[in-house]
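1. here you go, sequence then predicted model.
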Amino acid sequence: MATPNVIVLRAPGTNCDVETAFAFERAGAKATRVHLFRVLERPAMLADFQVLSVPGGFSYGDDVGSGVIFAAQLRSKLLDAIRDFLAADKLALGICNGFQVLIKAGVLPGGAEAWPPREGEAPDATLTWNDNGRYTARWVHLVSGGSPSVFLRGIETIELPVAHAEGKIAVRNEAVVARWRERRQIALCYRPDDNPNGSTADIAALSDPTGRVLGLMPHPERFIFGTQHPNWTRRSDVPEEGAGMQIFRNAAGYFA
């Protein structure tokens, strides 16, 4: 199997890059943690990687909104490099704050076909404050939304932790969700009785139409070992390997 090179792109305030790189390495990929400033100095380096991963955390302290500053730098300073990356047969994954970055930059929901986003055009959706108005950290049950996502192959249900304050998907109008359904872009949904943030249509993850770009609010890198599950000592059905590991294996396996 070919060994894909993964760039785990971190910024000031990112705090899940080590775990994310570790998960990709266990899946058989070669992961390199790179600071955003290094890529801004040499945007062409993105061409050396087959997977772009934007991990979770609090980039730039979420001072003007989660992922906003990081996203602005992708749009203003890496526009051509991101365009070339998305146009190639490569993968992109945004987890939690990384999902916020991808959706606010305009990489999601359309992927390559909608990049670069048009200046001044209102986005179809954003990620905003949870309905409860506070940071929420707990485990959730998720079901597949029927997306052709490379990352979610073979996954119909999965249990993962969430940890966010701005994880609610809010859309401009109902037609947006209908279009996502038609184009099979809804990748994962919270179980209706287990929605931690009030997200529209219980959406927890979105894919681009090709299935090569995925953004999700839950943290798969925090469940790669069964012992990371809070009930691992009390439940007999918790496997030795955590369910989140399959997402990283699917990414690495795409380049077999």
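-> That came in fine, so what should we check first?
2. wait, V18 touches R33, no?
-> Yes - contact criterion C-beta atoms under 8 Å: V18 and R33 qualify, at 7.1 Å. (C-beta placed from N, C-alpha, C; glycine too.)
3. pretty sure V176 sits against A125.
-> Yes - under the criterion of C-beta under 8 Å, V176 makes contact with A125 at 6.0 Å.
4. for stretch 182-192, give the mean pLDDT please.
-> In this model, stretch 182-192 has an average pLDDT of 97.
5. name the residues of it that are buried.
-> Using 16 or more other C-beta atoms under 10 Å as the test for burial, stretch 182-192 gives Q185, I186, A187, L188, C189, Y190.
6. how far away is the last one from P55?
-> So that's Y190. Distance, Y190 to P55, by C-beta to C-beta, to the nearest Å: 21 Å.
7. surely G146 is in a strand?
-> No - per DSSP: H, G, I helix; E, B strand; the rest coil, G146 lies outside any strand segment and is coil.
8. let me see the contact set for the residue nearest to A112 when sequence neighbours are not counted.
-> Closest residue to A112 apart from its sequence neighbours, by C-beta to C-beta, 6 or more residues apart in numbering: L86 at 3.9 Å. L86 makes contacts with A92, V107, G111, A112, W115, V213, as judged by C-beta atoms under 8 Å, 6 or more residues apart in numbering.
9. from these, which single one is nearest E221?
-> The shortest approach to E221 among these belongs to A92, at 15.5 Å (C-beta to C-beta).
10. who does the closest one bridge with?
-> Beta-bridge partners of A92, counted by DSSP bridges, are L52, V213.
11. could you count how many residues lie near it?
-> Using other C-beta atoms under 10 Å, A92 is surrounded by 26 other residues.
12. how much space separates it from P218?
-> According to C-beta to C-beta, A92 stands 17 Å off from P218.
13. P4 too?
-> Look at P4 and P218: by C-beta to C-beta, they are 23 Å apart.
14. and those two? Which one has more around it.
-> Legend: neighbour count by other C-beta under 10 Å for P4 and P218, higher for P218 (29 against 22).
15. kindly state the pLDDT recorded for that one?
-> P218 is assigned a pLDDT of 98 by the prediction.
16. residues in contact with stretch 168-182?
-> Here stretch 168-182 makes contact (C-beta under 8 Å, 6+ apart) with 109, 122-131, 186, 197-201, 203, 206.
17. go again with 6 Å.
-> Residues outside stretch 168-182 that contact it (C-beta atoms under 6 Å, 6 or more residues apart in numbering): D124, A125, T126, T128, N130, I186, N197, G198, S199, T200, A201, I203.
18. buried residues in that stretch?
-> Judged by neighbour count using 16+ other C-beta under 10 Å, the buried positions of stretch 168-182 are K168, I169, V171, V176, V177, W180.
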